[in-house]
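Peer 1: next come a sequence and a model predicted from it.
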Amino acid sequence: MIDERTLAQINGTYFLPDDAGPEWRAAHEAGIDMSLIEHALELTPEERLKEHQQFLNLLLEIGGPALRDATR
(Lines give C-alpha, C1' and ligand atoms only; values in the text may rest on other atoms or scores of the structure.)
Protein backbone atom coordinates (compact mmCIF):
# COMPACT_ATOMS: atom_id res chain seq x y z
CA MET A 1 0.00 0.00 0.00
CA ILE A 2 1.32 3.46 -0.93
CA ASP A 3 1.26 5.99 1.89
CA GLU A 4 -0.44 9.37 1.42
CA ARG A 5 2.81 11.33 1.14
CA THR A 6 4.24 9.05 -1.59
CA LEU A 7 0.98 9.19 -3.54
CA ALA A 8 0.94 12.99 -3.36
CA GLN A 9 4.54 13.15 -4.62
CA ILE A 10 3.67 10.85 -7.53
CA ASN A 11 0.84 13.25 -8.38
CA GLY A 12 3.19 16.24 -8.35
CA THR A 13 2.77 17.59 -4.83
CA TYR A 14 6.05 18.60 -3.21
CA PHE A 15 6.72 17.75 0.41
CA LEU A 16 9.52 19.29 2.42
CA PRO A 17 12.05 16.76 3.66
CA ASP A 18 11.80 16.18 7.41
CA ASP A 19 15.34 17.50 7.81
CA ALA A 20 14.77 20.69 5.78
CA GLY A 21 16.50 23.67 7.35
CA PRO A 22 14.98 27.10 7.93
CA GLU A 23 16.28 28.55 4.65
CA TRP A 24 14.87 25.62 2.65
CA ARG A 25 11.51 26.00 4.41
CA ALA A 26 11.48 29.78 3.84
CA ALA A 27 12.21 29.32 0.13
CA HIS A 28 9.39 26.77 -0.16
CA GLU A 29 6.98 29.05 1.68
CA ALA A 30 7.97 31.90 -0.67
CA GLY A 31 6.73 29.78 -3.57
CA ILE A 32 10.02 28.51 -4.98
CA ASP A 33 9.70 25.11 -6.64
CA MET A 34 12.17 23.20 -4.51
CA SER A 35 11.72 20.05 -6.58
CA LEU A 36 13.63 21.78 -9.40
CA ILE A 37 16.49 22.57 -7.05
CA GLU A 38 16.52 19.00 -5.76
CA HIS A 39 16.64 17.75 -9.35
CA ALA A 40 19.58 20.01 -10.17
CA LEU A 41 21.45 18.86 -7.07
CA GLU A 42 21.11 15.25 -8.23
CA LEU A 43 22.98 16.06 -11.46
CA THR A 44 26.69 16.35 -12.00
CA PRO A 45 28.01 19.77 -13.03
CA GLU A 46 28.43 18.44 -16.58
CA GLU A 47 24.82 17.23 -16.67
CA ARG A 48 23.58 20.62 -15.41
CA LEU A 49 25.58 22.40 -18.12
CA LYS A 50 24.18 20.04 -20.76
CA GLU A 51 20.58 20.74 -19.63
CA HIS A 52 21.28 24.47 -19.57
CA GLN A 53 22.71 24.39 -23.10
CA GLN A 54 19.74 22.38 -24.38
CA PHE A 55 17.39 25.01 -22.95
CA LEU A 56 19.39 27.85 -24.48
CA ASN A 57 19.32 26.09 -27.84
CA LEU A 58 15.54 25.75 -27.57
CA LEU A 59 15.16 29.45 -26.77
CA LEU A 60 17.33 30.38 -29.72
CA GLU A 61 15.32 28.09 -31.99
CA ILE A 62 11.90 29.41 -30.96
CA GLY A 63 13.02 33.01 -30.42
CA GLY A 64 14.10 33.48 -33.98
CA PRO A 65 16.57 36.03 -35.31
CA ALA A 66 15.72 38.74 -32.78
CA LEU A 67 16.80 36.57 -29.86
CA ARG A 68 19.89 35.29 -31.65
CA ASP A 69 20.96 38.89 -32.37
CA ALA A 70 20.40 39.87 -28.74
CA THR A 71 22.82 37.17 -27.54
CA ARG A 72 25.75 38.55 -29.52
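Peer 2: The structure has been received and is ready for your questions.
Peer 1: quick check, central residue of this protein?
Peer 2: Leu36 (2.1 Å; C-alpha atoms, centre = their mean).
Peer 1: now do it, the pLDDT please.
Peer 2: Leu36 carries a pLDDT score of 86 in this model.
Peer 1: low pLDDT regions in this protein?
Peer 2: By pLDDT under 70, the low-scoring segments of the chain are 5, 8-9, 66-72.
Peer 1: what are the boundaries of the helices in it?
Peer 2: 4-10, 22-29, 34-42, 45-70 (DSSP state H).
Peer 1: in TSV: those, plus distance to Leu16.
Peer 2: In short, each C-beta sits where N, CA and C put it, glycine included. Below are these laid out as TSV (distance: least, C-beta to C-beta, whole Å):
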stretch	distance to Leu16
helix 4-10	11
helix 22-29	6
helix 34-42	7
helix 45-70	23
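Peer 1: ok, Leu49 to Tyr14 distance?
Peer 2: Counting by C-beta to C-beta, to the nearest Å, the gap from Leu49 to Tyr14 is 25 Å.
Peer 1: same question, Leu58
Peer 2: 25 Å.
Peer 1: circling back: identify the residues contacting the residue nearest to the centre of the chain.
Peer 2: Listed by C-beta atoms under 8 Å, 6 or more residues apart in numbering, Leu36 has no contact partners.
Peer 1: how does it look with 10 Å?
Peer 2: Tyr14 (C-beta atoms under 10 Å, 6 or more residues apart in numbering).
Peer 1: could you measure from it over to Leu43?
Peer 2: 11 Å.
Peer 1: also Leu59?
Peer 2: Taken as C-beta to C-beta, the span from Leu59 to Leu43 is 20 Å.
Peer 1: and if you look at Met34?
Peer 2: Taking C-beta to C-beta, one finds Met34 at 15 Å from Leu43.
Peer 1: got it, and Glu51?
Peer 2: 7 Å.
Peer 1: same deal with His28?
Peer 2: Taking C-beta to C-beta, one finds His28 at 20 Å from Leu43.
Peer 1: can you report how many residues lie near Pro45?
Peer 2: Pro45 has 7 neighbouring residues, counting by other C-beta atoms under 10 Å.
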